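> Provided below for reference: sequence and predicted model.
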Amino acid sequence: MTQDEHFMHLALEEAAKAAAIGEIPVGAVVVRHGEVVAAAHNRRETGKNALAHAECLAIEEACRVRGGWRLWDCELYVTMEPCPMCAGAIINSRIRRVIYAVPDAKAGCCGSVTDLFSLPFNHRPEVTAGVCADECAALVQDFFTRLREELKTRPRWKKPVPETAAQPKACAAPKEKKHTAEQGFSAADQAEGSSAAAPKQEETP
């Protein structure tokens, strides 16, 4: 077993931890001078955090352990090709070498969708692909097979109704009633008022 294969197996162990909690199985390990500095796995769903990818978490921990953001003498082993966010974190942390197992056809930025490391940024890491690819691919395939079976038993997701459409229609304002002088009085009062207002007829002898 080569050194790359050894550290990729450690990343695979992290990926298996992610699969065990229902996360997409991606694991990452940061290595410096042949020693593991940090290890992490995908926690995006668990932590409800779009930034909680395995690579970003491992880089964050490595920076904390090393006491600085420059990881120029470190290598990153990850089970899946880094996405744009993680590729950016790799560039900004100055990691000197990236080793990944399987490509990501939908979001991979080491050549699958695009190659950010070939662009004229201020840092370009060395890239090695395909280390322990079969084992990593099997783990990912098994995860999605089980996930599809589970989704069959779950209720279908429904698109939420926009708040504007959910609001009840405004009721039309009631028509104003015309008020007369007699309103507010009882029938007896109105009758009395009518008789009082009528002129008296003079009695004839």
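Perfect, I can see it now.

> mind naming the longest helix for the protein?
What stands out as the longest helix in the chain, according to DSSP state H, is helix 133-153.

> from the rest of the structure, what touches stretch 115-135?
The contact list for stretch 115-135 (Cβ atoms under 8 Å, 6 or more residues apart in numbering) reads 4-5, 8-9, 12, 77, 79, 81, 84, 87-88, 90-92, 94-103, 109-111. (Glycine included, C-beta is placed from N, CA and C.)

> that stretch: which residues count as buried?
Taking 16 or more other Cβ atoms under 10 Å as the neighbour-count basis, stretch 115-135 is seen to contain the buried residues 116, 117, 125, 127, 129, 131, 132, 135.

> for the chain, just list every one of the strands.
When assigned using DSSP state E, the strands of the chain occupy the ranges 27-32, 35-41, 74-80, 97-102, 126-129.

> tell me how far the last one is from the chain's mean position?
Relative to the chain's own centre, strand 126-129 is displaced by 29 Å; criterion: Cα atoms, centre = their mean, to the nearest Å.

> ok, now stretch 118-128?
Here the centre of mass of C-alpha atoms in stretch 118-128, compared against the chain's by Cα atoms, centre = their mean, lies 28 Å away.

> ok, now stretch 140-151?
On the basis of Cα atoms, centre = their mean, stretch 140-151 sits 20 Å off its chain's mean C-alpha point.

> flag every buried residue along it.
For stretch 140-151, by 16+ other Cβ under 10 Å, it's 140, 143.

> show residues contacting that stretch.
Residues outside stretch 140-151 that contact it (Cβ under 8 Å, 6+ apart): 19, 24, 25, 79, 80, 102.

> in this structure, what secondary structure element scores lowest on mean pLDDT?
Among the secondary structure pieces of the chain, namely its helices and strands, helix 187-197 has the lowest mean (mean pLDDT, DSSP states H and E), a mean of 48.

> in this protein, which ranges drop under the pLDDT threshold?
Residues of the chain meeting the criterion pLDDT under 70: 157, 165-205.

> kindly recompute the last result at 50.
Applying pLDDT under 50 to the chain flags residues 180-182, 184-191, 193-199, 205.

> and the residue most central in space within it, how close does it get to residue 83?
Nearest to the centroid of the C-alpha atoms of the chain, with distances taken as Cα atoms, centre = their mean, sits residue 50, at 4.8 Å. Taking Cβ to Cβ, to the nearest Å as the measure, residue 50 and residue 83 are separated by 11 Å.

> just to revisit the earlier point, could you dump the buried residues of stretch 115-135 to CSV with distance to residue 58?
As requested, the buried residues of stretch 115-135 are arranged in CSV below (distance: Cβ to Cβ, whole Å):
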residue, distance to residue 58
116, 18
117, 18
125, 14
127, 17
129, 18
131, 16
132, 17
135, 19
